[in-house]
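Chemist: sequence isn't available, so here's the structure alone:
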């Protein structure tokens, strides 16, 4: 099978310069974990790599003048970041390519890249960790459960906030489904004032209890047993691995007998929790 780049008029330059090397741009736009600051490691090969994880921190105690100071070292483990492949083929007839009244090829390129980014973003939130990335909502060390299966109260969100220790809270953000955001925007304090602090100007983000809110519909909605609230210092909690950006190739020979052009899109990624103490997961009852 011979791969060709196509001609300048059908978007070949777009493939190489704007899409193939910029998977991270599409992920940044679609993936809540990345917008919340998850650490990103870029590699040129897909060989497994080992990264350290934090399992516990030193315990500090008050000691008397001649007391023997207790030893307490932080505890570490490791996790392996692999390479999971997400891919699709897109085909178009010669007639469509020749006769389309709008720039069809750039549209195909961008919508495929957007969809791959959306699926990868879902994995970074809810991935099983078995044959797939480990989603951040699998963090189990710190959690708060709501009394209701369908909503969060203001008091319960305070519990989520303060379950996270102060050192992680300083750079913490909320990651919420848009449906949950809609519900929480209606919460009021005892004086009838909205708790939500909307970013009213361009470039300003919405705030909840003074912390930024990232909207990502990969996070579960508020429903029985769901992990519908994520709050934490995501940079310290989660690491993403990207391998060689988004690989795009075109073949005019793959479906030669049907006179179809074929594009192949491949992205290889992984993600894992590296510090469960840096994130709180809110569960619905």
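Modeler: Nice, I can see it. Please read all numbers here as calculations on a predicted model, not as lab measurements.
Chemist: which of the residues in the helix or strand hosting residue 124 are buried?
Modeler: Per DSSP states H and E, residue 124 falls inside helix 104-126. By neighbour count with 16 or more other C-beta atoms under 10 Å, helix 104-126 contains the buried residues 104-105, 108-109, 112-113, 115-118, 120-126. In this view, the C-beta of every residue, glycine as well, is placed from N, C-alpha and C.
Chemist: need the residues that contact the next helix or strand after it.
Modeler: Later in the chain than helix 104-126, the nearest helix or strand by DSSP H and E is strand 143-145. The contact list for strand 143-145 (C-beta atoms under 8 Å, 6 or more residues apart in numbering) reads 156, 159, 160, 163, 229, 280, 281, 282, 283, 284, 285.
Chemist: quick check: residue 265 is in a strand.
Modeler: Yes: assigned with DSSP: H, G, I helix; E, B strand; the rest coil, residue 265 falls within a strand.
Chemist: which of the contacts of strand 143-145 fall in strands?
Modeler: Among the contacts of strand 143-145, the ones falling in strands (DSSP state E) are 229, 280, 281, 282, 283.
Chemist: where does the residue nearest to the last one when sequence neighbours are not counted land on pLDDT?
Modeler: The reference is to residue 283. Take residue 283 and drop its neighbours on the chain: the residue closest to it by C-beta to C-beta, 6 or more residues apart in numbering is residue 145, 4.6 Å away. We have a pLDDT of 97 for residue 145.
Chemist: can you get me a residue count around residue 145?
Modeler: By other C-beta atoms under 10 Å, 12 other residues sit near residue 145.
Chemist: how close does it sit to residue 112?
Modeler: Counting by C-beta to C-beta, to the nearest Å, the gap from residue 145 to residue 112 is 39 Å.
Chemist: repeat that for residue 168.
Modeler: Counting by C-beta to C-beta, the gap from residue 168 to residue 112 is 37 Å.
Chemist: same question, residue 208
Modeler: Relative to residue 112, residue 208 is positioned 34 Å away (C-beta to C-beta).
Chemist: on that earlier part again, dump the ones in strands among the contacts of strand 143-145 into CSV; add pLDDT and distance to residue 53 as well.
Modeler: Formatted as CSV, the ones in strands among the contacts of strand 143-145 follow (pLDDT from 0 to 100; distance: C-beta to C-beta, whole Å):
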residue, pLDDT, distance to residue 53
229, 98, 23
280, 98, 17
281, 98, 17
282, 97, 22
283, 96, 22
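Chemist: just grab the bridge partners of the closest residue in space to residue 282 that isn't next to it in sequence for me.
Modeler: Spatial nearest neighbour of residue 282, chain neighbours left out: residue 229 (2.8 Å); criterion: C-beta to C-beta, 6+ apart. Residue 229 forms beta bridges with residue 176, residue 282, as assigned by DSSP bridges.
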